[in-house]
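J.: Pasting the sequence and the predicted model now:
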Amino acid sequence: MASTANSPYHNEYQRAINAPEPFWQQQAAKLNWYKMPRSILQQQDAHHYQWFSDGVLNTAYLALDTHIEQGRGEQTALIYDSPVTNSKQQFSYRELRNEVAQFAGVLKALGVSKGDRVVIYMPMIPQAAIAMLAVARLGAVHSVVFGGFSAHELAMRIDDAKPKVVVSASCGIEISKLIAYKPLLDDAISKAEHKPQHCIIYQRPQLLATMQSGRDLDWHQAMAAAESAPCVPVKATDPLYVLYTSGTTGKPKGVVRDNGGHAAALNYSMQAVYNAKPGDVFWAASDVGWVVGHSYIVYGPLIAGCTSILYEGKPVFTPDAGAFWRVCAEYKVNILFAAPTAFRAIRKEDPDAALQRYDLSALRAVFVAGERLDPATYQWVAEKLQKPVIDHWWQTETGWPIAANPAGLELMNAKPGSATVPVPGFNVQILDDSGKVLRANEQGFIAIALPLPPGCLTTIWGNDERFIAGYLDSFPGYYASGDGGYIDEDGYLFVMGRTDDVINVAGHRLSTGEMEQIVANHPAIAECCVIGIHEAIKGQQPLALVLLKNGVEIDETILEAELVAMVRQEIGALACFKKAIVVKRLPKTRSGKILRKLLRQIADGSEYSVPSTIDDPASIAEIAQLMTSKGLVNQP
C-alpha cells in the first residue's frame with residue numbers, strides 16, 4: 001500500500017520538491033557550520049546548480065570534533081573487525097579524531113594543503129578511513145582507489161587526479177592469499193605521467209614492502225614525528241573527494257562531490273532513509289573503495305553520531321556463511337546494509353540460514369542496494385531474519401539513495417522488485433525516447449528533474465563537457481540515470497536494469513531484469529543473469545546463465561524446460577525464452593555487479609577486454625568456452 005496524502009512521507013516529499021530551498025535550509029541548520037549559508041540554491045547556467053554557496057564548514061570537523069564538543073567523545077566511533085587477520089580494534093570519537101589530526105599533520109608536513117589531491121590505495125583497515133578524514137581535515141581532496149586495482153587502472157587515476165601524495169599499504173588480504181599493493185603502486189607510478197611527490201606506506205606484518213628512498217615514508221614513523229593539524233575551513237562548494245566510476249569509453253569518470261551539499265544530504269539520509277540515531281551501530285558491509293564505503297562507512301554514520309563498522313572479510317568463507325550474523329550479534333548491530341550478492345552468497349552456502357546461535361535482537365532493519373534485489377533473494381532474507389528488508393536504489397553519481405522505503409519517515413509495505421518510492425529531494429520521472437513523461441506502469445528511461453538535490457555529483461573532474469554529455473544532454477532539464485524502469489499506480493519505482501539491458505525481440509522491448517526475477521524463483525537456482533543474444537529472425541533472444549544452489553542436482557534439460565515454462569507463463573510466448581545454461585560462477589566486479597555487458601560481447605562474438613574491476617577473471621574464459629561449445633556465440 002502506498003503512502004497516502006498527508007502521510008509523513010507524502011508531506012516531506014512534497015515539501016522537498018515544491019519548496020526545495022526552505023527544505024534544505026532546514027536540513028543544513030542541523031549541521032555545525034563555521035558560517036551558516038544564506039544562499040541555499042543558485043542556478044549558474046542550464047546545467048549547473050550550487051547548494052549553500054556562501055556556507056563555510058569542514059566535513060571532518062562535523063564527523064569527529066563536533067561530537068567531542070557535544071560531550072560524546074568517549075562513544076565508540078569506529079569498530080574494525082578483520083576475520084582474515086583475526087584482529088579487532090575500536091576507536092572512540094576522541095581517539096579517532098586524534099589519529100586523524102595526527103595524520104593530517106603528516107600530510108601537512110609534506111605540503112598538502114587546501115585543494116590538493118591525495119590518492120588513497122588501501123585495504124579495509126582503519127588507516128584507510130583515517131587517511132580519508134585527514135585529507136578532509138586539511139580541506140584537500142581525496143580519491144580512493146579500490147585496493148588491488150591493477151597498476152594500469154591506478155596509473156590512469158593518478159594521471160587524472162594528479163595527487164601530491166599517495167597513501168597505501170604493503171598488502172591486502174583475501175581469503176586464501178595476500179595481494180602485494182606496493183609493487184602495483186610502484187608499477188603504476190612508473191607508468192603514470194604524473195609523479196606524486198611522496199608515498200606513505202602502512203606496513204602490515206603479513207607482508208613488508210620495499211621502500212623507495214626519498215619518496216616513500218613509513219606510516220608509523222611519520223605519525224611519530226608529526227604534529228597534529230587543525231581543521232581547515234572550506235566553502236560548501238569546494239570539492240571533498242573525487243571517486244572514479246566506469247565509463248563507456250573505458251576511461252574512468254571522476255565523480256566530484258562537494259563538502260556542504262554532501263554533509264547535509266548524508267545527515268538527512270541517515271535519519272530519513274535509515275532511521276539511524278546517534279549511538280546506533282551502523283554496518284555497511286562494503287569497501288571504502290566504493291561509494292557505499294564513502295557515504296555509509298565513513299562520512300554518513302560519523303556525521304550522524306553513530307558507531308560504524310569497518311569489516312575486512314567476506315560474507316562467506318571468513319570463516320563460514322555465518323560471518324554476517326556473528327558480526328551483527330557481537331556488536332549489537334542496529335542497521336545492516338549490504339549488496340544482494342552478499343545475501344545470495346550466504347544463501348548458496350547456507351540455504352537454511354542457521355541463525356540459532358546468534359542473537360540478532362538488536363538488528364532493526366536490513367538495507368540492500370548496489371544492484372537489483374531480485375524478489376527471491378528479498379523473500380529469503382525477510383523470511384530467515386524476520387526483520388524489515390529495505391531495498392533502495394542509488395548510484396555513485398548521486399552519493400545517497402534516490403529511492404527507498406524511508407524507514408525514518410514511514411515504513412511502507414514492500415513490493416518485491418521495487419525500491420519503493422523516491423526519496424525526498426529526488427524528482428524522479430519516467431521518460432520516453434523524446435523526453436515525454438510517461439504514465440504509471442509504462443516502462444522508459446528513469447530521469448531526475450533538475451536541480452538534483454544536495455550531495456549529488458557537481459561535475460566530472462577536469463572534464464565538465466563529459467559531465468554534460470553523459471548525464472544532462474539526453475533529456476534537457478533532467479539528469480539521465482542510465483537505468484530503465486517504471487513507476488506503478490501507487491508511486492512505487494521499479495528499476496529494471498541499465499537501459500542497454502532492455503532487449504528487442506521481434507519488435508518487443510523486454511526487460512532482462514523481469515526475466516531474471518522469474519528465473520530466480522526456481523527452487524534450484526541460487527543466482528542468475530539473463531542477457532540478449534543474437535537471433536537471426538527476431539534480432540535478439542534471451543539467454544539465462546544460472547548458478548545452482550549447493551547440493552542441488554538436476555538434469556540441465558529438465559531445468560531448462562521448467563524455466564522456459566515459467567517465463568512463458570509470466571511474460572508469454574513473445575519473450576522467446578528458450579535457452580538456459582548452468583555455470584559454475586558468474587563474472588562479477590569486486591563490488592558484486594554481474595558483468596552483463598561483457599557477457600553480451602562474448603555472445604555477440606565481438607572483441608572484449610576483461611575489466612580491472614573483475615573479481616574472478618577465470619570465470620570469463622570458462623563461460624566463453626561453455627557458450628561456444630553450445631553454439632551460443634554469434635559468428636560475426
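T.: All right, it came through fine.

J.: rest of the way, CA atoms for contacts and neighbours
T.: Will do.

J.: my guess is V234 contacts D54, does it?
T.: No: the criterion here is Cα atoms under 8 Å, and V234 misses it with D54 at 10.2 Å.

J.: any weak-confidence spans in the stretch 101-250 of the chain?
T.: Within the stretch 101-250 of the chain, the segments meeting pLDDT under 70 span 246-250.

J.: hang on, the earlier thing: pick out whichever of V234 and D54 has more residues nearby.
T.: Taking neighbours as other Cα atoms under 10 Å, V234 and D54 compare with V234 leading, 25 against 16.

J.: what pairs with the more buried one across the strands?
T.: Beta-bridge pairing for V234 (DSSP bridges): L57.

J.: Determine the set of other helices and strands touching the one helix or strand W24 maps to.
T.: Taking DSSP states H and E as the definition, W24 sits inside helix 20-28. Contact partners of helix 20-28 among helices and strands, from 3 or more Cα pairs under 8 Å, 6 or more residues apart in numbering; DSSP states H and E: helix 8-18, helix 260-272.

J.: start to end distance for stretch 598-617?
T.: With Cα to Cα, to the nearest Å as the measure, stretch 598-617 spans 12 Å from end to end.

J.: If you could redo that for stretch 423-442, that was the one I meant.
T.: From its first residue to its last, stretch 423-442 covers 21 Å (Cα to Cα).

J.: Then stretch 282-293?
T.: End-to-end distance (Cα to Cα), stretch 282-293: 12 Å.

J.: try stretch 381-400
T.: With Cα to Cα as the measure, what separates the two termini of stretch 381-400 is 23 Å.

J.: what's next to that stretch, contact-wise?
T.: Residues from elsewhere that reach stretch 381-400 (Cα atoms under 8 Å, 6 or more residues apart in numbering): 245, 255, 262, 265-266, 269, 290-292, 295, 343, 352-353, 363-371, 373, 378, 401-405, 414, 418-420, 455-457.

J.: Restricted to helices, list these.
T.: Members of the contacts of stretch 381-400 lying in helices (criterion: DSSP state H): H262, A265, L266, S269, V291, V292, F343, Y378.

J.: Out of these, which comes closest to Q75?
T.: Lowest distance from Q75 to the ones in helices among the contacts of stretch 381-400 (Cα to Cα) belongs to L266, with 20.4 Å.

J.: thinking the closest one is in contact with G455, fair?
T.: Yes: look at L266 against G455 with Cα under 8 Å: they come within range, at 7.3 Å.

J.: the bottom helix or strand of this protein by mean pLDDT?
T.: strand 508-511 (a mean of 68; mean pLDDT, DSSP states H and E).

J.: Does F282 fall in a helix, a strand, or a coil region?
T.: Put simply, F282 is strand when judged by DSSP: H, G, I helix; E, B strand; the rest coil.

J.: residues contacting it?
T.: If you count contacts by Cα under 8 Å, 6+ apart, then F282 has A276, P301, C306, T307, S308, I309, V333, N334, I335, L336 around it.

J.: Can you check what angle separates the helix holding W24 from helix 260-272?
T.: Here the directions of helix 20-28 and helix 260-272 differ by 80 degrees (axes from the mean of the first three to the mean of the last three Cα atoms, to 10 degrees).

J.: and helix 20-28, average pLDDT?
T.: Average pLDDT, helix 20-28: 98.

J.: Could you pull out the buried residues of it?
T.: P20, E21, F23, W24, Q25, A28 (16 or more other Cα atoms under 10 Å).

J.: CA atoms of that helix as PDB?
T.: What follows is helix 20-28, C-alpha atoms only, in PDB (Å, rounded to 0.1, in the frame of the first residue of the first chain):
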ATOM      1  CA  PRO A  20      13.500  22.900  -2.000                       C
ATOM      2  CA  GLU A  21      15.200  26.000  -0.600                       C
ATOM      3  CA  PRO A  22      13.500  26.200   2.800                       C
ATOM      4  CA  PHE A  23      13.500  22.400   3.000                       C
ATOM      5  CA  TRP A  24      17.300  22.100   2.500                       C
ATOM      6  CA  GLN A  25      17.900  25.200   4.600                       C
ATOM      7  CA  GLN A  26      16.200  23.300   7.500                       C
ATOM      8  CA  GLN A  27      18.500  20.300   6.900                       C
ATOM      9  CA  ALA A  28      21.600  22.400   6.700                       C
END
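
J.: Could you point out the helix or strand that follows it?
T.: strand 41-43.

J.: give me the low-pLDDT residue ranges for this structure?
T.: Within the chain, the ranges that satisfy pLDDT under 70 run 1-4, 246-250, 500-502, 506-509, 536-537, 635-636.

J.: hang on, isn't W24 packed against R38?
T.: No: W24 is beyond contact range of R38, at 11.3 Å (criterion: Cα under 8 Å).

J.: Pull out the buried positions in the helix ranked longest in the chain.
T.: Using DSSP H to define each element, the chain has its longest helix at helix 93-109. Going by neighbour count (16+ other Cα under 10 Å), the buried part of helix 93-109 is 93-108.

J.: How about stretch 616-632?
T.: If you call a residue buried by 16+ other Cα under 10 Å, then stretch 616-632 has these buried ones: S619, I620, I623, A624, L626, M627, L632.

J.: Restricted to helices, list those.
T.: Filtering the buried residues of stretch 616-632 for helices - DSSP H - leaves S619, I620, I623, A624, L626, M627.

J.: Setting the sequence-adjacent residues aside, check what's closest to the last one.
T.: Just to be clear, that refers to M627. Once flanking residues are discounted, M627 sits nearest to V633: 6.1 Å by Cα to Cα, 6 or more residues apart in numbering.

J.: For that neighbour, give me its contacts.
T.: Per Cα under 8 Å, 6+ apart, neighbours of V633: I602, A603, D604, G605, M627.

J.: With secondary structure and distance to G462 added, can I get those residues in JSON lines?
T.: Listed next are the contacts of V633 as JSON lines, based on DSSP: H, G, I helix; E, B strand; the rest coil; distance: Cα to Cα, whole Å:
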{"residue": "I602", "secondary structure": "helix", "distance to G462": "33"}
{"residue": "A603", "secondary structure": "helix", "distance to G462": "36"}
{"residue": "D604", "secondary structure": "helix", "distance to G462": "35"}
{"residue": "G605", "secondary structure": "coil", "distance to G462": "35"}
{"residue": "M627", "secondary structure": "helix", "distance to G462": "41"}
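
J.: May I see those organised as TSV, with distance to I487 added?
T.: Output for those, formatted as TSV (distance: Cα to Cα, whole Å):
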residue	distance to I487
I602	33
A603	32
D604	32
G605	36
M627	36
